[in-house]
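Chemist: sequence and predicted structure below; questions after.
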Amino acid sequence: MYISSIIVGALCMGQSSLVSSFTIQTIPKQQHIITKSSSITSSLNAAGVISGSKGTGEGWLERPAAPVNSAASAKLTLEESLKGSTFTKHLSLLGSTGSIGTQTLEIVDACPENFVIDALSAGNNVELMAEQVLKYSPKVASMSTPEAAKALKERLESLGCSSSTMPKIVYGQEGIVEAATVSSADTVVTGIVGAAGLEPTIEAIKLGKDIALANKETLISGGPVINPLVEKHGINMLPADSEHSAIFQCLQGVPEGGLRRVILTASGGAFRDFSKDELFDMCKNDPLAVQKKATTHPNWDMGAKITLDSATMMNKGLEVIEAHYLFGASYDDIDIVIHPQSIVHSMVETQDTSCIAQLGWADMRLPLVYSVSWPHRLKMPYKPLDLAELSTLTFSKPDREKYPCIGLAYEAGRAGGTMTAVLNAANEAANEMFRADVGLGFLDIPKLIEGAMEKHKDDLKTSDVTLDDILSCDAWAREYVEKTSVEMKDKIYA
């Protein structure tokens with residue numbers, strides 16, 4: 001099997017995307033994009049799902065979170081496009097000192113006529129937050145602790161910030177919510193990691209603010225709660241990570257019912273060039289080397305947590321769940337392919353079997369800028385994509401035995417309800433413990449996640465899921481991982 005033709009849209013400088021057509025022929029069997037969709041009886045045949053008539057499987061969401069796959073979204077996209085690119089958006093930026101936050105601010109710097117910063121939230125990086133406050137003059141600045149908030153105020157005063165220019169300084173979860181709900185902001189960029197992003201996102205949605213979604217957990221854990229809120233309040237959920245932004249861009253102009261399949265691309269992470277046996281042997285005989293390599297990404301400059309998720313490929317499993325909630329595709333119709341070059345950021349297949357792909361350099365600013373400027377194309381000072389420079393693009397099928405986290409994510413997604421919250425929290429806890437070097441082995445990560453999911457089956461809730469249900473399951477899964485990891489005596493390989 002080979003892809004005979006792909007229409008590709010590359011993010012580039014200018015008001016519109018560069019569109020090219022080229023042929024990829026993959027002769028070796030291991031480099032074919034192989035998919036096999038089957039119709040299954042899904043446990044998600046509840047409110048909000050429809051049959052597989054729009055795709056090749058069952059369990060398609062009738063109301064996805066992103067503005068796609070409907071006549072109303074097509075009309076909205078056209079209306080917004082016709083307004084032109086001379087807009088000004090007021091942003092609330094959650095996680096301003098992290099990788100997503102600093103890159104978002106680079107976009108603001110490049111397009112000062114289009115963006116104003118009204119609120120910032122961060123962890124404990126007082127020095128960088130002080131610099132950001134002085135430069136962007138937000139109305140609200142939130143830190144993670146009261147100590148950090150106090151230090152920020154003192155630092156700003158020492159730098160000459162007067163009472164008239166001093167932002168309102170808040171802290172903790174309440175502070176994040178206040179930053180997310182500042183009245184003047186119309187778009188919230190959710191750049192914080194973990195379940196901490198759920199509550200501020202929900203409160204922002206309730207106030208009618210658009211969401212530039214860089215926090216995976218919002219939909220992975222909170223999809224059953226978030227999607228109905230998106231519909232109720234009529235906001236736009238705009239993906240800010242590379243893969244889902246690529247899918248979103250590919251779906252611009254695809255009519256209602258036109259989507260057949262979503263194809264997520266993955267770099268393969270730190271161990272993509274290792275066979276399963278080589279990886280397992282390294283885990284057994286040199287766990288310290290595994291730990292070092294697992295926390296270094298070959299292509300992307302990302303945070304520590306996401307880099308490790310890439311090594312286990314849980315990041316791609318989580319993206320499958322996120323794609324389901326964002327675009328409505330059933331789990332049978334979302335596939336993963338390894339693409340080491342990280343140039344094709346993802347693809348969609350339409351009903352006529354055409355594949356539409358989005359291409360660009362491995363630069364997180366590209367999906368970020370589209371999430372805050374959609375549906376416009378702002379001129380950015382970035383290096384344009386050069387296909388001739390690339391020469392070769394390759395694809396292969398992921399080894400599910402080598403990457404058991406992929407299968408766990410599909411299993412959790414198909415179970416639905418609170419199971420995805422358990423998957424996400426268990427992964428976060430195991431990920432953090434592995435990076436903290438407390439003796440947890442690389443292959444213990446999926447073992448702990450699987451154990452939490454198995455234990456949760458008796459308490460699984462698939463209908464009328466509330467935020468309290470999600471947060472309760474999140475806390476339980478973290479406690480389970482911590483307790484079980486201590487009790488582990490016989491490690492798998494490490």
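Modeler: On my side now, so go ahead.
Chemist: what are the ranges of the helices in the stretch 101-250 of the chain?
Modeler: Per DSSP state H, counting those that start in this stretch, the stretch 101-250 of the chain carries helices over the ranges 126-136, 146-158, 172-180, 198-206, 217-220, 223-233, 242-250.
Chemist: and the longest one, C-alpha only, in PDB?
Modeler: Taking only C-alpha atoms (Å, rounded to 0.1, in the frame of the first residue of the first chain), the coordinates of helix 146-158 have been written out as PDB:
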ATOM      1  CA  PRO A 146       1.900  33.100  48.300                       C
ATOM      2  CA  GLU A 147       5.700  33.300  48.800                       C
ATOM      3  CA  ALA A 148       6.300  33.600  45.100                       C
ATOM      4  CA  ALA A 149       3.600  36.200  44.800                       C
ATOM      5  CA  LYS A 150       5.200  38.300  47.600                       C
ATOM      6  CA  ALA A 151       8.600  37.900  46.000                       C
ATOM      7  CA  LEU A 152       7.200  39.100  42.700                       C
ATOM      8  CA  LYS A 153       5.700  42.200  44.200                       C
ATOM      9  CA  GLU A 154       9.000  43.000  46.000                       C
ATOM     10  CA  ARG A 155      11.000  42.400  42.800                       C
ATOM     11  CA  LEU A 156       8.700  44.700  40.800                       C
ATOM     12  CA  GLU A 157       9.000  47.400  43.400                       C
ATOM     13  CA  SER A 158      12.700  47.200  43.300                       C
END
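Chemist: what's the offset of that helix from the middle of its chain?
Modeler: 32 Å (Cα atoms, centre = their mean, to the nearest Å).
Chemist: what packs against it?
Modeler: In terms of contact count using 3 or more Cβ pairs under 8 Å, 6 or more residues apart in numbering; DSSP states H and E, helix 146-158 is assigned the packing partners helix 126-136, strand 140-143, strand 168-171. In short, each C-beta sits where N, CA and C put it, glycine included.
Chemist: nearest to E243, of the ones you listed?
Modeler: helix 126-136 (27.7 Å; Cβ to Cβ).
Chemist: quick one: mean pLDDT for the closest one?
Modeler: Here helix 126-136 scores 98 as its mean pLDDT.
Chemist: the inter-axis angle of it versus helix 146-158?
Modeler: Between the axes of helix 126-136 and helix 146-158, defined by axes from the mean of the first three to the mean of the last three Cα atoms, to 10 degrees, the angle is 50 degrees.
Chemist: so which bits of helix 126-136 are buried?
Modeler: Residues of helix 126-136 classed as buried by neighbour count (16 or more other Cβ atoms under 10 Å): 126, 129-130, 132-133, 136.
Chemist: from the residues you listed, pick the one nearest M380.
Modeler: Y136 (19.0 Å).
Chemist: hang on, isn't that closest one packed against T102?
Modeler: No: taking Cβ atoms under 8 Å as the definition, Y136 is not a contact partner of T102, at 12.0 Å.
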